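Chemist: using only what follows, build the 3D model:
(one chain, ligands or ions: 2)
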Amino acid sequence: MIPFDYARPSTAKAAIDAVVRDKSARFIAGGSNLVDLMKRGVMTPEKIIDINALPLRGIARTGKTIRIRALTLNSAVAADPVITERLPLLAQALKAGASPQIRNMATVGGNLMQRTRCPYFYDTALPCNKRAPGSGCSALNGYNRMHAIIGFSESCIAVNPSDMNVALAALDATVIVQGPKGERHIPIADFHRLPGNTPQLDTNLQRDELITAVEIPDAPGFATTSLYTKVRDRASYAFALVSVAAALHIENGSIRDARLAMGGIAHKPWRLRRTEDYIRRQQPSIRLFNNAALADLKEARGHGHNNFKLVLAPNTIAQTLRTLAGLA
Ligand SMILES: Cc1cc2nc3c(=O)[nH]c(=O)nc-3n(C[C@H](O)[C@H](O)[C@H](O)COP(=O)(O)OP(=O)(O)OC[C@H]3O[C@@H](n4cnc5c(N)ncnc54)[C@H](O)[C@@H]3O)c2cc1C
Ligand code: SF4
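Modeler: Ligands and ions are numbered 1, 2, ... in the order given. Okay, here's the model as predicted:
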């Protein structure tokens, strides 16, 4: 680990100013991802701006939305009565992630920004376009069991590892950020990026912008019929092979509305809009769900070790929908 300076500002403005002044400075929240990356030499900030003294904790209902401030712990969000009652999908996704100890350190802002778990990204002895742009992608012809089947490029086939982000994508969250030029609101669909030829960029957040909160529409129709399914190698403490966040609004035997997103298949949480359109205004049935599950995966392609995801992904979508509709 390289030597670094440390600062703990008490206002958002001071934190942002510190990052503007020093190009190698990085924010740190729970540290559960950044410190690992620093220990391995993958990220080498020369200055750490500890944001834990900023007044950025707590959850509030504000009119038609629920606002979660950026330093709220993953464990606190998952246990909060407003979240468990109004947005149980988010609580389920958070509880499926990491371990209780890590969820007690991890923050909402840090979770949004967590970096891929591609093993070559962590191994500084091997080429990786995300860590060292232009060096090559070791996963393309290497061990790629955990990697993307859609939205990838020749530069990078990594996936976004977060469970929370998949639920936020299904729930149409907005990320609120503050920078030197003021505040902006970024829809979650535009927050994370596809790799294209700039795989070093995971998100559209600028280096000098601070995430201050996430806002989610308070949608009671979806509150009770929602499910997060995570398929993984171990029952806990493992990243998703694939995951599905689903919320259905079923009324009078018909699917009035649906929100679906998938994790473990792409560089960003993958919203399943074609599947949503396929099942909207239809009566739930096993056949409907089996057909709908393929709608967003027509362009999916494996890289060898991860070919099993081409079957696992639609099966997991269909199974989640069957369970939600009581057809399992
Ligand atoms: C062993 C292990 C298992 C895990 N398993 C899972 C899992 O199954 N599912 C899952 O979803 N996650 C899992 N995680 C990841 C965990 O959820 C993340 O490490 C955590 O959410 C990161 O939050 P943090 O506050 O600790 O971020 P930090 O490590 O402090 O920061 C991470 C990044 O976010 C940036 N950042 C932090 N806060 C802000 C902000 N407010 N504004 C702008 N930038 C910010 C930092 O600069 C840094 O680049 C696991 C982690 C570990 C170590
Ligand atoms: S998949 Fe992406 S993160 Fe993994 S080695 Fe290739 S470029 Fe690096």
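Chemist: residue 175 - how many residues pack around it?
Modeler: For residue 175, the neighbour count with other C-beta atoms under 10 Å is 26. C-beta: built from backbone N, CA, C; applies to glycine.
Chemist: give the helix, strand or coil label for it.
Modeler: strand (DSSP: H, G, I helix; E, B strand; the rest coil).
Chemist: what do you get for residue 243?
Modeler: Assignment for residue 243 (three-state DSSP): strand.
Chemist: quick check: closest non-adjacent residue to it.
Modeler: Excluding the flanking residues, the one nearest residue 243 by C-beta to C-beta, 6 or more residues apart in numbering is residue 263, at 3.9 Å.
Chemist: for the residue of the chain at minimum distance from ligand 1, give me phi and psi.
Modeler: Per C-beta to the nearest ligand atom, residue 110 is where the chain lies closest to ligand 1, at 2.1 Å. Main-chain dihedrals, residue 110, degrees, to the nearest 10: phi -70, psi -40.
Chemist: count the neighbours of it for me.
Modeler: 24.
Chemist: how about it, what does it touch?
Modeler: Remark: with contacts taken as C-beta atoms under 8 Å, 6 or more residues apart in numbering, residue 110 is in contact with 29, 30, 31, 32, 33, 34.
Chemist: centre of the chain versus the lengthiest helix in the chain, how much separation?
Modeler: Longest helix of the chain, by residue count under DSSP state H: helix 309-324. Relative to its chain's centre, helix 309-324 lies at 19 Å (C-alpha atoms, centre = their mean, to the nearest Å).
Chemist: repeat that for stretch 56-71.
Modeler: That offset, for stretch 56-71, works out to 18 Å (C-alpha atoms, centre = their mean).
Chemist: same deal with stretch 225-234?
Modeler: That offset, for stretch 225-234, works out to 14 Å (C-alpha atoms, centre = their mean).
Chemist: same check, this time on stretch 219-239
Modeler: Distance, centroid of stretch 219-239 to centroid of chain: 13 Å (C-alpha atoms, centre = their mean).
Chemist: could you do stretch 40-48 as well?
Modeler: 22 Å.
Chemist: which parts of it are buried?
Modeler: The neighbour-count check on stretch 40-48 (16 or more other C-beta atoms under 10 Å) flags 42, 45, 47, 48 as buried.
Chemist: for ligand 2, see how far away the spatially most central residue of the chain is.
Modeler: Geometric centre of the chain, nearest residue: residue 165, 2.5 Å, by C-alpha atoms, centre = their mean. Separation of residue 165 from ligand 2 (C-beta to the nearest ligand atom, to the nearest Å): 17 Å.
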